[in-house]
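Chemist: have a look; sequence and predicted model below, questions after that.
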Amino acid sequence: MRFAKWTVLAILAMGWGAPASATAAAPGIDLVPHRASYALTLGDASSASPVVQAQGRFDFEWADACDGWTVVQRFRVNLIYEDGFVADFGWSLSSWESKDGGRYRFFIRRFDSGGENERVRGEATLKEDGSGRAVFTEPEERELVLPDGTLFPTQHTIEVLARAQETMVPHWRLVFDGSGEEGLFGVSAALSRRLPAGSGTGLASPLLTKVPSWRMTLAFYGADESNAEPEQEQGLRLFANGIVDEMRLNYGDFVLDADLSSVEPLPVPDC
């Protein structure tokens, strides 16, 4: 069966860029807006997997927009199968999240070698208890009720970073990002180990060399919790300043490695 199930949840963790105001929740962490690029290659594959090669690129940008945070993601990959078939597909996501964690706007484009094949657009609001609603305007108008305890991606990042610093993971939350069938996922974060500042990095960058980091595993589940098996898993190295390195995206039959190839800070606006 060709690999067809792909959604933005594959890189949900890349909402890791978090606001400077989060420093109060996670003391001692210096979080920076940044732009990063990752090279995608085939990692482990099961003996039954028909995928023999993968090549692609993932670009991520997190920026401070004064009244909120903006995230731009672009993902594209070629999967080559043992019979010579090539699956060329990708997506892009642009989002804005208010700094109080109560509002979220998103626009997602999915495409393949034939061009763009779907657009998803909408916005969502949350009350203080995390309940709320999402309103989709593309590809069709519909509404989704968000249950108590829901978070948007950046607010989820703040919680995970704070708990990681206190070694208080695993951590389970419902997160809405607008992707997938409903846009709502159960996300479990498990801490593997903490790496002190100065630990070796795959990319030499002043943004990484003096920053502590954690190795983590993220598992994504359907929001109704009816399936005990995760839909997708990620292994990653998360730095205290919000930068992610050494991602491994596990799709079951095969794994995509996403290796950081470049990273640069973005200017902080004078708000």
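Modeler: On my side now, so go ahead. Numbering: from 1, shown residues only.

Chemist: list the contacts of residue 190.
Modeler: Counting by C-beta atoms under 8 Å, 6 or more residues apart in numbering, residue 190 touches 169-170, 216-219. C-betas here are computed from N, CA, C, even on glycine.

Chemist: that one: which element?
Modeler: strand 184-195 (DSSP states H and E).

Chemist: tell me the helix or strand right after that strand.
Modeler: That would be, after strand 184-195 and using DSSP H and E, strand 213-222.

Chemist: dump that following strand to PDB, restricted to CA.
Modeler: Provided in PDB are the C-alpha atoms of strand 213-222 (Å, rounded to 0.1, in the frame of the first residue of the first chain):
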ATOM      1  CA  SER A 213      18.600  20.000  25.800                       C
ATOM      2  CA  TRP A 214      16.400  17.000  26.400                       C
ATOM      3  CA  ARG A 215      15.800  13.900  24.300                       C
ATOM      4  CA  MET A 216      12.100  13.300  24.100                       C
ATOM      5  CA  THR A 217       9.500  11.100  22.500                       C
ATOM      6  CA  LEU A 218       6.100  12.400  21.400                       C
ATOM      7  CA  ALA A 219       3.200  10.100  20.600                       C
ATOM      8  CA  PHE A 220       0.100  11.300  18.800                       C
ATOM      9  CA  TYR A 221      -3.300   9.700  19.300                       C
ATOM     10  CA  GLY A 222      -6.800  10.300  18.100                       C
END
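
Chemist: now the spatially most distant residue from the centre of the chain: how far from residue 51?
Modeler: For the chain, the C-alpha farthest from the mean C-alpha position belongs to residue 83; by C-alpha atoms, centre = their mean, that distance is 31.5 Å. Distance, residue 83 to residue 51, using C-beta to C-beta, to the nearest Å: 11 Å.

Chemist: now do the helices in the chain.
Modeler: For the chain, applying DSSP state H gives helices covering 153-165.

Chemist: any stretches of it with poor pLDDT?
Modeler: Counting by pLDDT under 70, the chain has low-confidence residues at 1-30, 45-47, 168-169, 224-227.

Chemist: redo that, cut-off 80
Modeler: Scanning the chain with the threshold set as pLDDT under 80 gives 1-31, 44-49, 113-116, 158, 165-170, 180-181, 223-228, 252-253.

Chemist: contacts only, for the closest residue to the residue farthest from the centre of the chain other than its chain neighbours.
Modeler: Using C-beta to C-beta, 6 or more residues apart in numbering and skipping the chain neighbours, the partner closest in space to residue 83 is residue 50 (7.1 Å). Going by C-beta under 8 Å, 6+ apart, residue 50 touches 81-83, 253.

Chemist: same thing with residue 261?
Modeler: Contacts for residue 261 (C-beta under 8 Å, 6+ apart) come out as 37-39, 203.

Chemist: want to throw those residues into TSV with neighbour count and distance to residue 193?
Modeler: Output for the contacts of residue 261, formatted as TSV (neighbours: other C-beta atoms under 10 Å; distance: C-beta to C-beta, whole Å):
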residue	neighbour count	distance to residue 193
37	17	26
38	25	22
39	14	25
203	16	20
